[in-house]
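Visitor: Model the structure of this input:
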Amino acid sequence: LNNPLIFIGSDTACHTKYEKLAKQLGGIPSNQEMVAVIVTLASQLGLSDEQVARLLSWNAGEFLNIPVSRNLVEYKLEKRIDDLQYNNGIVVNPWNGSKLLFPVKI
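Guide: Predicted coordinates:
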């Protein structure tokens, strides 16, 4: 969280969505944590909930011309230490051990 360079990425998977879900194939390390990392940084910087929602959904959707629903779902933030593993620990999780604010649906 102290690194000023934050990269958000995705992968070009060589498998179908069904294979990914059925076999739990890993993507790029940190994808699962990116929302929690962004929310944690936003909280530290004092951003409002509306600013975070715009950053995570509407702005990207508008930029990419993707229709995005403006119906909001309520979440609470739950602080926990990240312990996600990728491919049984073969791929290093860069956020492992970090205290992050994970959104949990209310």
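Visitor: Going along the chain, name the helices of this structure.
Guide: Using DSSP state H, the helices assigned to the chain run over residues 17-23, 34-45, 49-53, 59-63.
Visitor: Could you check how far residue 101 is from residue 72?
Guide: Note on residue 101: its distance to residue 72, by C-beta to C-beta, to the nearest Å, is 18 Å. (Each C-beta comes from the backbone N, C-alpha and C, glycine too.)
Visitor: Pick out whichever of those two has more residues nearby.
Guide: Neighbours around residue 101 and residue 72, counted as other C-beta atoms under 10 Å, are more numerous at residue 101. The numbers are 20 against 10.
Visitor: residue contacts, the more buried one?
Guide: 36, 39-40, 43, 77-79 (C-beta atoms under 8 Å, 6 or more residues apart in numbering).
Visitor: nearest spatial neighbour of it, skipping sequence neighbours?
Guide: On the basis of C-beta to C-beta, 6 or more residues apart in numbering, the spatially nearest residue to residue 101 that is not a chain neighbour turns out to be residue 77, at 4.2 Å.
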